[in-house]
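Undergrad: Sequence first, predicted model second:
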Amino acid sequence: MRTLALPELSPNLGPLGRRIRFFGAFVTVAICVWVLVRPQPYWAAILVAYAAIFSITVAPLVANDYFRLREPRGNPPDRTRINIGAPLSCLSAVLLIRALMDMNTVELTKAIFFGLLAGSMYALLLWVIVRRASFGIAALVGAFLGPAALLHTNAATLPAEGYMERGVVSKKYASSKPRRHIVVATMGPNQVELTVSQESFSSYAAGQDICTEVRSGAFGIRVRFIQVC
């Protein structure tokens, strides 16, 4: 049974509630654009996004009846409660996109697996906290948030030094959705994709030697950093 929800209040947002809903939507969009388009300074943008997710998650503990995590059944639509599913999904999705774009993660499958486990626990907690909640929506948010949080935490705890690996550039390409510049290198028996900056992208050519430093974070997830050979 859900035991964390507080007693119901009068489900009437009123003028103040409508302002909070509008302001919350505006702030959510602003943070999502900041994180996705130009996250500078990087860790400030990332931490603000996680702080926003935390604030939205615990808000129903203060006034549960003013929030929902599901679409209302039937008509008319429920305009008396704030739907926190949209901002949580948006923030979690852009954090996951950012984590995948910015980190040359070696064991990505391992990171996604353990991230999904962590995300499932968050989804269960969210479903318990919010009285009017769909577990499917909570699970979707957790599936985005878990891997993103694990990758960012792992990156924040990387040591200053690692070990070097040397390879040869096979090819390079740029993608537009999302915007990334990729160098494909052969390192031993494996081919790895390395994300590089737009400024340095033109300096790589097929057949060129390339060196990477590999470091492991708190979760044992290895990340590559391109270094000068």
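TA: That came in fine, so what should we check first? Not measured: the values here are computed from a predicted model.
Undergrad: Might you list the low-confidence residue ranges for the chain?
TA: Within the chain, the segments meeting pLDDT under 70 span 1-17, 71-80, 177-178.
Undergrad: Helices of that one, start to end?
TA: 14-37, 42-62, 85-102, 108-129, 135-156, 198-201 (DSSP state H).
Undergrad: Can you tell me which helices and strands the shortest one packs against?
TA: Identification of packing neighbours for helix 198-201 by 3 or more CB pairs under 8 Å, 6 or more residues apart in numbering; DSSP states H and E yields strand 179-187. Placement of C-beta: from N, CA and C, glycine included.
Undergrad: Just the CA atoms of the strand it packs on, as CSV, please.
TA: Extracted in CSV, the C-alpha atoms of strand 179-187 (Å, rounded to 0.1, in the frame of the first residue of the first chain):
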residue,chain,number,x,y,z
ARG,A,179,24.4,16.9,-33.0
ARG,A,180,27.6,14.9,-32.5
HIS,A,181,31.1,14.6,-34.1
ILE,A,182,32.3,11.0,-34.0
VAL,A,183,35.8,9.5,-34.7
VAL,A,184,35.8,5.7,-35.2
ALA,A,185,39.1,4.1,-34.1
THR,A,186,40.5,0.6,-34.2
MET,A,187,42.0,-0.3,-30.8
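Undergrad: sorry, back to before: got the helices of the chain as CSV, with mean neighbour count and distance to K172 columns?
TA: Conversion of those to CSV gives the following (neighbours: other CB atoms under 10 Å; distance: least, CB to CB, whole Å):
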stretch, mean neighbour count, distance to K172
helix 14-37, 14, 23
helix 42-62, 16, 24
helix 85-102, 20, 16
helix 108-129, 18, 20
helix 135-156, 22, 23
helix 198-201, 11, 7
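Undergrad: what residues are up against W127?
TA: 2, 69, 133, 135, 138 (CB atoms under 8 Å, 6 or more residues apart in numbering).
Undergrad: related to what we said a few turns ago, is it possible to export the helices of the chain to a markdown table including distance to Y163?
TA: Below are these laid out as a markdown table (distance: least, CB to CB, whole Å):
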| stretch | distance to Y163 |
| --- | --- |
| helix 14-37 | 31 |
| helix 42-62 | 25 |
| helix 85-102 | 21 |
| helix 108-129 | 18 |
| helix 135-156 | 17 |
| helix 198-201 | 22 |
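Undergrad: coming back round to it: for A160, state which of the contacts of W127 is nearest.
TA: A138 (38.0 Å; CB to CB).
Undergrad: how far away is the closest one from R68?
TA: 12 Å (CB to CB, to the nearest Å).
Undergrad: for T153, same thing?
TA: Counting by CB to CB, the separation of T153 from R68 is 30 Å.
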